[in-house]
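Asks: sequence and predicted structure are below.
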Amino acid sequence: MSGFDKDWLALREPADRQARAKPLMDALRRHLVAETGTPSLLDIGCGTGSTYRALSSLLPANTRWQLLDYDPQLLQEAARRIGTSDMVTMRQHDLNDLAALPLDGVSVVTASALFDLCSADFCSRFVNRLAEQAAGLYAALNYDGVMQWSVPHPLDGAVVESFNRHQRLDKGFGPALGPDATGHLRHSLEPLGYRVMTGESPWHLGPEQQALQVELLRGIEKPVSEIGVIDASDLKSWLAFRLAAVTAQNSSCVIGHSDLLAIRTR
Ligand SMILES: C[S@@+](CC[C@H](N)C(=O)[O-])C[C@H]1O[C@@H](n2cnc3c(N)ncnc32)[C@H](O)[C@@H]1O
């Protein structure tokens, strides 16, 4: 797993699509259908456009999309995969520049697998910008701290604990919320007059997602080793056990996420 690498994003996209909380997607559709003007979405941290691909066929056909990311290569890949469309524009922008976020006329900001990277301070400033514009928020696939495997290993708990500690380190926005992202967003949005719905969106990865399970396990090793609590040779043994369990024992795993939809009611 190489963070925001396009191959990693492509590998996880089918699992993300399967996991998304359907009631929230339906509620987003109903909200946009009820809008008087043309629905306009801003997808932040868009990567290669997976949120667009997951939602666009469900939402009103006249919905306009701006896809925003700071990585020009991911934006280029998003443009290549989506193709030419009058309804979609790409925008290179660093989210840390919140004042210049293009929110004018935006009905709902969308994001997937983003807010667990963000700090409490960033989220608080971000929701204040949203509220100024009365824009809604659909924030999907925030990692919630749960990783469970069908074939247990004695170090699983310690590995997950180290991984979750790493999730709270700075990922470019200050100390990250990691597993607290959805709860923090909810508690920031409700006092600003938002009606907030949340739903679970766990990955259930079985033998048919072997490649994703393997990349996920390889991606866990580096952050856990950086935390430095688990002995290096124990961590290597854990990884070897886990990789063998995926290939030889058809082991499965659950990786927890949660989704949030917030709509301004006053
Ligand atoms: C985990 S990826 C998720 C991508 C996509 N939403 C998806 O679900 O496949 C996080 C995305 O956030 C983007 N990102 C991270 N920090 C950013 C920043 N400061 N400004 C804009 N985009 C950022 C990355 O480039 C990456 O595309």
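Replies: Perfect, thanks for sending it.
Asks: pretty sure Asp121 contacts Asp170?
Replies: No - applying C-beta atoms under 8 Å as the test, Asp121 and Asp170 come out as separate, 11.3 Å apart. In short, each C-beta sits where N, CA and C put it, glycine included.
Asks: and the longest strand for this protein?
Replies: Of all segments of type strand in the chain, defined using DSSP state E, the longest is strand 136-149.
Asks: distance of the most centrally placed residue in the chain from Ser258?
Replies: Centroid check for the chain by C-alpha atoms, centre = their mean gives Ala113 as the closest residue, at 1.0 Å. The gap separating Ala113 from Ser258 is 12 Å, by C-beta to C-beta, to the nearest Å.
Asks: repeat for Val196
Replies: As judged by C-beta to C-beta, Val196 and Ser258 stand 12 Å apart.
Asks: who in the stretch 51-200 of the chain is up against the ligand?
Replies: By C-beta under 6 Å from any ligand atom, the residues of the stretch 51-200 of the chain that approach the ligand are 51, 69-71, 74, 94-96, 112-114, 172.
Asks: about what we covered before: just checking: what are the partner strands of the longest strand of the chain?
Replies: Strand 136-149 pairs in its sheet with strand 108-112 (parallel), strand 253-264 (antiparallel), by DSSP bridges.
Asks: which stretches in the stretch 51-200 of the chain count as helices?
Replies: Here the stretch 51-200 of the chain has its helices, by DSSP state H, counting those that start in this stretch, at 72-82, 120-133, 156-167, 181-189.
Asks: any chance of the ones you listed in CSV, plus mean neighbour count and distance to Pro102?
Replies: What follows is the helices of the stretch 51-200 of the chain, written out as CSV (neighbours: other C-beta atoms under 10 Å; distance: least, C-beta to C-beta, whole Å):
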stretch, mean neighbour count, distance to Pro102
helix 72-82, 17, 14
helix 120-133, 17, 10
helix 156-167, 18, 29
helix 181-189, 21, 20
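Asks: thinking again about what came up before, surely the residue nearest to the centre of the chain and Leu141 touch.
Replies: Yes - the pair Ala113 / Leu141 is scored as a contact, 4.5 Å apart, by C-beta under 8 Å.
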